[in-house]
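[1] got a sequence here, can you model it:
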Amino acid sequence: MAVESFPALSAEELRRRSMSNLLRMGHCAPTVMQTMLDASDTDASWLVRLMAGLPGGIGNTGAECGGLTAPLVLMGIRHRREQTVDGLPVVVDEGHDLLARFTARCSTTQCREILGDARVPLRCVGVVSRAPAMCAQCIAESGQNPISPESREAYRELYAHWQQRRFHCADAVFAGLDTTGAPDDLADAVTAFLGGTVFTGMTCSALTAGVMALGLALGEIEDSRRRVVRMIATMALRGDAIADDLNKFNRVVNLGHDLAGWFQEQFGSTQCRALTGCDFAATEGVYAYIEHDGTSQCARMARLVAERVAEMIAEAAADRSTAGDTCD
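    This is a model prediction of the structure:
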């Protein structure tokens, strides 16, 4: 793919393009991805569909902002998984750099904290408009926020263990699904989603991959300013702005939310650190995880997520075939 050319636009041009895309798409992660593809002169609609369920903080759960998740996908494809530095994929270093920059600007990585109790997500608009330029800056100035030696050693130990076990959180989900015809770049795209997003212990990467799989299989792309205006008006009036028929991304966002609810009920949390009981930034946490065979438990969760996603895809496809497309 041509994403190696990103960014081909200036920061100001990226902000303008992002605002233009937001006005016709209406949601964060797909908008950020589309803008970065535009700036790479790359036609890859599958990547926008992969982002379809991530708005609202991964399935509208308020978790990691779409202004983070979309750039992490692009970085994964840009560097490929086999590109490593000191035993870790390059996207781990760049991902941590991006997280640090994002947190410095927004004070958080979490959608719910960015949005707050605002009726209309004006703060989110600012984040979406800046996210592609922040990604570009991170790529151009890589290494400004290096991983500490202690954390790097812990991540390297865990990554080596997972390589030995042939395990990757997101891969394990897609391996349990029918990915016939999936793009060759899919594995690279999800490289950053391991250990709760580049080992940080946030949203379980199996859940994130499940939401992405829903988008890849069922996602449609919104491209209507009129419909986006209608969605914003509904939001301002405290109506159901996430209803399936208001925006073509909404259906997968809602399915992703359902998946997250199922995950919470099954495992007690959606957060990697709570699920594993380990801090992957500390060698003690990694050694405890390895000693107690945490990988087997993670593999089990990934397998169950894949089974649930397969069921949801089949159910949604059946519903669509009988009800028809509800978007006008």
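
[2] contacts, neighbours, all on C-alpha from now
    Fine.

[3] distance of the most centrally placed residue in the chain from residue 131?
    Residue closest to the average C-alpha location in the chain (CA atoms, centre = their mean): residue 69, at 3.6 Å. Note on residue 69: its distance to residue 131, by CA to CA, to the nearest Å, is 10 Å.

[4] for the stretch 101-250 of the chain, what spans make up the helices?
    111-115, 122-140, 149-164, 169-175, 186-189, 205-218, 225-236, 250-267 (DSSP state H, counting those that start in this stretch).

[5] tell me which of these sits nearest to residue 13.
    Among those, the nearest to residue 13 by CA to CA is helix 122-140 (8.9 Å).

[6] chain center to the closest one: distance?
    Centroid separation for helix 122-140 versus its chain: 15 Å, with CA atoms, centre = their mean, to the nearest Å.

[7] for the residue nearest to the centre of the chain, give its distance to residue 155.
    20 Å.

[8] same check on residue 49?
    For residue 49, the distance to residue 155 - CA to CA - is 30 Å.

[9] now residue 179
    29 Å.

[10] residue 201 now?
    12 Å.

[11] which of those two has more neighbours?
    A side-by-side neighbour count of residue 201 and residue 155, using other CA atoms under 10 Å, places residue 155 first with 25 against 22.

[12] how about the contacts made by that one?
    With contact taken as CA atoms under 8 Å, 6 or more residues apart in numbering, residue 155 is in contact with 88, 199, 280-281, 286.

[13] and what of residue 317?
    residue 218.

[14] could you provide the contacts of residue 155 in TSV, with additional columns for pLDDT, neighbour count and secondary structure?
    TSV is the format used below for the contacts of residue 155 (pLDDT from 0 to 100; neighbours: other CA atoms under 10 Å; DSSP: H, G, I helix; E, B strand; the rest coil):
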residue	pLDDT	neighbour count	secondary structure
88	95	20	strand
199	98	24	coil
280	98	29	coil
281	97	22	coil
286	98	23	helix
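
[15] from those, pick the one nearest residue 20.
    After measuring those against residue 20 - CA to CA - the closest member comes out as residue 199, at 33.5 Å.

[16] quick one: that closest one and residue 280 touch, right?
    Yes: in this structure, residue 199 is within contact of residue 280 by CA atoms under 8 Å, at 6.0 Å.

[17] could you find the closest non-adjacent residue to residue 228?
    residue 26 (5.4 Å; CA to CA, 6 or more residues apart in numbering).

[18] re the thing from before, from the contacts of residue 155, pick the one nearest residue 58.
    The closest of the contacts of residue 155, once distances to residue 58 are taken by CA to CA, is residue 199, at 16.8 Å.

[19] do you know how far the closest one is from residue 57?
    Separation of residue 199 from residue 57 (CA to CA): 18 Å.

[20] and the strands in the stretch 1-150 of the chain?
    84-85, 88-89 (DSSP state E, counting those that start in this stretch).

[21] nearest to residue 77, of these?
    Per CA to CA, nearest to residue 77 of those: strand 88-89, 11.4 Å.

[22] now do the buried residues in whichever strand or helix holds residue 301.
    Taking DSSP states H and E as the definition, residue 301 sits inside helix 294-323. For helix 294-323, the neighbour count (16 or more other CA atoms under 10 Å) marks 294-295, 298-299, 301-306, 308-310, 312-313, 316 as buried.

[23] same question, stretch 148-163
    Within stretch 148-163, the residues scored as buried using 16+ other CA under 10 Å are 151-159.

[24] got it, and stretch 277-296?
    Result for stretch 277-296 [16+ other CA under 10 Å]: buried residues 278-281, 283, 285-290, 294-295.

[25] thought residue 54 was touching residue 213?
    No: if you go by CA under 8 Å, residue 54 and residue 213 don't touch, sitting 10.8 Å apart.

[26] more neighbours: which of these two?
    residue 54 (34 against 28).

[27] that older thread, would you list the buried residues of stretch 277-296 in a markdown table and tack on distance to residue 92?
    Converted to a markdown table, those look like this (distance: CA to CA, whole Å):
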| residue | distance to residue 92 |
| --- | --- |
| 278 | 19 |
| 279 | 16 |
| 280 | 13 |
| 281 | 12 |
| 283 | 17 |
| 285 | 18 |
| 286 | 16 |
| 287 | 20 |
| 288 | 22 |
| 289 | 20 |
| 290 | 20 |
| 294 | 21 |
| 295 | 19 |
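
[28] ok, so of those residues, who is nearest residue 219?
    Closest to residue 219, out of all of those and judged by CA to CA, is residue 295, at 30.4 Å.

[29] check contacts around the closest one.
    162, 167, 289.

[30] would you list those in a markdown table and tack on distance to residue 263?
    What follows is those, written out as a markdown table (distance: CA to CA, whole Å):
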| residue | distance to residue 263 |
| --- | --- |
| 162 | 23 |
| 167 | 20 |
| 289 | 21 |
